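1. this one's structure only:
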Ligand SMILES: [Zn+2]
């Protein structure tokens, strides 16, 4: 082959590879970009907490850690669409490439955008998270979420049709559009298990940045990883500690208290939770430990009395905690949480 043709062939092949690489991150279904989907709340230089604005269903928060030459992202949101928009809006604060994605736990609202980051990115999570995303990617939380989507869209449609206030109607239009887009986005999800797993601890050194990944024990799931920046005194907690009360459907409510005790021993100022706004200090964590102890004791008593999980869920009264957690307005908790606590209470000793 003449030299020139060879060169041409190389160029064509290189272009083909480039097309293949960009094809991986083509625009997924369900992308809405009329207004910004994320607020990048600056915690300190080069560390941001990405929180959804409500313009798109994004699920959980993520943390953006901009290092000397690259970017580390903690959690990937609810769908390929949500992660795609995150990456697009990220261009507003950095042009550095994302090299590491840390998945705090397997739940869909934290892990279902991972595929958008492509194959050049190392995905890091606990070995339990890998196991779940490999063998039980749907998980009971995702199954019940997807099953509930049509009904929640119908409810929104009903409210939108009945609304007479024009401003509220416009708001409901936007909510409905976001909900429909999110439903379309779910069809494209392909769970991506971590390519690097941790058992207890690992540290990433990126330039002069130290990023610790720590597993401190059972809590919100069987494998929650927290991300700790010791120099910056920042902690990303996923759903092990949110700004409110966490979902308990896969939790270990009793051990969770001890895990949070270990968390409190770290030296930090700012907490970037998986849901809700960032906060400072340890008081909220202590309040949540009190909540967990209380719910565990109440559920245990109802179980002893022979109540079904369903009946116990109606009787569990957490209103004593509403000063710390204002979303608690009345007695009664999610029956799936109680069913999970019954399940954990029945686990044979040593089987956890
Ligand atoms: Zn979760």
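-> Arrived safely. Only a predicted model underlies this, so the values are computations on that prediction, with no experimental measurement involved.
2. The host helix or strand of residue 336 and the ion in contact?
-> For residue 336, the element it lies in under DSSP states H and E is helix 335-345. No. Helix 335-345 stays out of contact with the ion when judged by C-beta under 5 Å from the ion, the minimum separation being 12.5 Å. To be clear about C-beta, it is placed using only N, CA and C from the backbone, and glycine gets the same treatment.
3. In the stretch 51-200 of the chain, which residue sits nearest the ion?
-> The nearest approach of the stretch 51-200 of the chain to the ion comes at residue 107, 3.4 Å away (C-beta to the ion).
4. For that residue, which residues are in contact?
-> Contact partners of residue 107, counting by C-beta atoms under 8 Å, 6 or more residues apart in numbering, are 60, 139, 141-142, 221, 239, 247, 250.
5. Also near the ion: which of these, exactly?
-> residue 239.
6. Just the buried ones from the contacts of residue 107?
-> Members of these that pass the buried threshold by neighbour count (16 or more other C-beta atoms under 10 Å) are listed as 60, 139, 141-142, 221, 239, 247, 250.
7. would CSV of these with secondary structure and pLDDT be doable?
-> Written out in CSV, the entries for the buried ones among the contacts of residue 107 read as follows (DSSP: H, G, I helix; E, B strand; the rest coil; pLDDT from 0 to 100):
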residue, secondary structure, pLDDT
60, coil, 97
139, helix, 79
141, helix, 89
142, helix, 91
221, coil, 97
239, coil, 98
247, coil, 96
250, coil, 96
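8. what's the closest of those to residue 314?
-> Comparing those against residue 314 with C-beta to C-beta picks out residue 247 as the nearest, at 18.5 Å.
9. can I assume the closest one is in contact with residue 275?
-> No. If you go by C-beta atoms under 8 Å, residue 247 and residue 275 don't touch, sitting 9.1 Å apart.
10. Need the overlap of contacts for those two.
-> With C-beta under 8 Å, 6+ apart, residue 247 and residue 275 have common neighbours residue 239.
11. Residue 171 and residue 178, how far apart?
-> With distances defined as C-beta to C-beta, to the nearest Å, the gap from residue 171 to residue 178 amounts to 11 Å.
12. For those two, indicate the residue with more neighbours.
-> When residue 171 and residue 178 are compared for neighbours, residue 178 comes out ahead with 21 against 14, by other C-beta atoms under 10 Å.
13. number of nearby residues for residue 325?
-> The number of residues packed near residue 325 is 17, by other C-beta under 10 Å.
14. Output the below-cut-off pLDDT ranges for the chain.
-> Under the criterion of pLDDT under 70, the regions of the chain flagged as low confidence span 1-25.
15. All the strands of it, in order from the start?
-> Counting by DSSP state E, the chain has these strands, from start to end: 38-44, 47-52, 62-66, 71-74, 98-102, 122-126, 196-198, 201-206, 209-215, 225-229, 234-238, 270-273, 279-280.
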